[in-house]
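# from the sequence below, what's the structure:
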Amino acid sequence: MNPSKSWRPLLIITLAAFSALTAMALWHHGYWGIFKPLFESFAGAQVLADLVIALSLFLVWMWRDAKAAGRNPWPWLLLTLATGSIGPLIYLIFNGAKKSSPEA
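Next up, the predicted model:
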């Protein structure tokens, strides 16, 4: 069994829950309103910096993974830049379980 496939239900549940939370935040605060608290304190700035670092690392990994698999990485990169963690979650759900080597 491919271990990546066993993570797919958890990724789908995480995507659904995070998408619902994101939709509520957008409904109540708007796109730019989501970022406002991150600029109001050092704690907010730390969370923003952490998010930028984590997503940057994922963008590099996703670029390399997509290129190695012969896929165009740009749609995934742009989706991540526009939606944050939603892009990587969708990428992992649809592309994360594919392996080039045979299973053991």
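# quick one, phi/psi of Pro73?
phi -80, psi -20 (degrees, to the nearest 10).
# residues contacting it?
In this structure, Pro73 makes contact with Met62, Trp63, Ala66, Lys67, judged by CB atoms under 8 Å, 6 or more residues apart in numbering. Every C-beta, even on glycine, is put in place using the N, C-alpha and C of the backbone.
# with Ile34 instead?
Ala25, Leu26 are the contacts of Ile34 under CB under 8 Å, 6+ apart.
# go with 10 Å
Thr22, Ala25, Leu26, His28, Gly84 (CB atoms under 10 Å, 6 or more residues apart in numbering).
# before we move on, what about His29?
Phe35, Lys36, Pro37.
# of these, just say which sits nearest to Asn72.
Ranked by distance to Asn72 (CB to CB), the contacts of His29 are led by Phe35 at 28.4 Å.
# hmm, that closest one is touching Gly44, no?
Yes - at 9.0 Å, Phe35 counts as touching Gly44 under the criterion of CB atoms under 10 Å.
# in which helix or strand does the nearest residue to Leu26 once chain neighbours are set aside reside?
Nearest residue to Leu26, sequence neighbours excluded (CB to CB, 6 or more residues apart in numbering): Ile34, at 7.0 Å. With secondary structure defined by DSSP states H and E, Ile34 is part of helix 31-35.
# repeat for Lys5
helix 3-29.
# for Ala25, see how far away Tyr31 is.
Distance of Tyr31 to Ala25, computed by CB to CB, to the nearest Å: 9 Å.
# more crowded one of the two?
Ala25 (13 against 9; other CB atoms under 10 Å).
# quick one: contacts for the more buried one?
Tyr31, Gly33, Ile34.
# so who does the first one touch?
Shown in contact with Tyr31 (CB under 10 Å, 6+ apart): Ala25, Ala82.
# one more: the second one?
The contact partners of Gly33, taken as CB under 10 Å, 6+ apart, are Ala25, Leu26.
# please redo it, this time with the cut-off set to 8 Å
With contacts defined as CB under 8 Å, 6+ apart, Gly33 is in contact with Ala25.
# ok so, going back, give the PyMOL command for selecting the buried subset of the contacts of Pro73.
Filtering those down to the buried ones (16 or more other CB atoms under 10 Å) takes a single PyMOL command:
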select buried, resi 62+66
